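Undergrad: Got a predicted structure plus its sequence, pasted below:
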Amino acid sequence: DQQVKQNSPSLSVQEGRISILNCDYTNSMFDYFLWYKKYPAEGPTFLISISSIKDKNEDGRFTVFLNKSAKHLSLHIVPSQPGDSAVYFCAASAKTSYDKVIFGPGTSLSVIP
Amino acid sequence: DTGVSQNPRHKITKRGQNVTFRCDPISEHNRLYWYRQTLGQGPEFLTYFQNEAQLEKSRLLSDRFSAERPKGSFSTLEIQRTEQGDSAMYLCASSRRGGKGNSPLHFGNGTRLTVT
C-alpha cells in the first residue's frame, strides 16, 4: 500500500523551461511534505519542504504547491537547468511521527540543454 | 559538517551469510535512521534512533535484522542468514531532531548489498 505516489517515473524538459513534478498521497494524517533530490551513486539530499498550514513555499528556482483537499503536491523548477537532472523523491510525515518519513518511488528528471 | 559516512560502499555475500554495515552520522545529530531502497522505489523506512534508544521499527525489519547504536554515535545494521530478497541499497541518515524541514534528513551514500 503506497502512501506516497509519484505516477510519472520520468520527465524530460528543455533547459530554461519549467519542470513540474507531481505527487499524490493517501494518508490524511500526513501534514509535512518534503522533496529530496538524488544524483547517481549519492544519497538523497533535502530540497524543499512545506507544512500543511501553507499552500505554497518558495526557495529560489524551486516552489512547492500543496492542495490538501486533493491530497496533491507539486514541485516547480523554473528555469530548469541541466544540473537539475536527477531523481526527485516526494516524501511525507505525520505529526504523530515526524521521524518516520515516507518516500514516493521517485521521478527521474532530464533537463535537455 | 563532514557528512554521513557509510561503510562498506558495496558488499557481495552468499545466501545464508551474515553481514554488518556501519553508519557514522553527522556528529551533532542525535537522531539516526536506516532506510532500504530497491530498484525503482524510494527509500523505505526501517528504523530510527534518538541517541542510543531505538524508538521505532518498521514491520519490514524482520527478526533477521538488528540495528544498534550503542553509545548514541555510530550505528550498525546486521542482517543474519541473508536472502536474495535482501539485495538492496541500505541508506543511513541523521538529523538534529525530527525529520521536519528545519532539521532535514542528511543521507549517506549508502551500502549496496548483493546476495548471490
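TA: Sure, I can see it.
Undergrad: avg pLDDT for stretch A:86-101?
TA: Per-residue pLDDT over stretch A:86-101 has a mean of 90.
Undergrad: now do stretch B:53-73
TA: On average, stretch B:53-73 scores 90.
Undergrad: likewise stretch B:91-102?
TA: 76.
Undergrad: likewise stretch B:29-46?
TA: Mean predicted lDDT for stretch B:29-46 stands at 94.
Undergrad: likewise stretch B:8-15?
TA: 97.
Undergrad: Just the buried residues of that stretch, please?
TA: B:11, B:13 (16 or more other C-beta atoms under 10 Å in any protein chain shown). In short, each C-beta sits where N, CA and C put it, glycine included.
Undergrad: contacts for it?
TA: B:19, B:21, B:82-84, B:109-116 (C-beta atoms under 8 Å, 6 or more residues apart in numbering or on different chains).
Undergrad: measure it end to end?
TA: End-to-end distance of stretch B:8-15: 18 Å, with C-alpha to C-alpha, to the nearest Å as the criterion.
Undergrad: distance between that stretch and the chain's centre?
TA: Here stretch B:8-15 shows a centroid-to-chain-centroid distance of 15 Å under the convention C-alpha atoms, centre = their mean, to the nearest Å.
Undergrad: What of stretch A:67-79?
TA: 8 Å.
Undergrad: picking that back up, check the contacts of stretch B:8-15 one by one and keep those near chain A.
TA: When C-beta under 8 Å from any C-beta of the partner chain is applied, the members of the contacts of stretch B:8-15 adjacent to chain A are B:109-110.
Undergrad: Only whichever of the contacts of stretch B:8-15 are buried, select them in PyMOL.
TA: Selection of buried members from these for PyMOL, criterion 16+ other C-beta under 10 Å:
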select buried, chain B and resi 19+21+82+109+110+111+112+113+115
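Undergrad: In helices only, show me the contacts of stretch B:8-15.
TA: Assignment to helices by DSSP state H places none of the contacts of stretch B:8-15 there.
Undergrad: out of the contacts of stretch B:8-15, what pair is the most spread apart?
TA: Farthest-apart pair in the contacts of stretch B:8-15 is B:83 and B:109; separation 24.2 Å (C-beta to C-beta).
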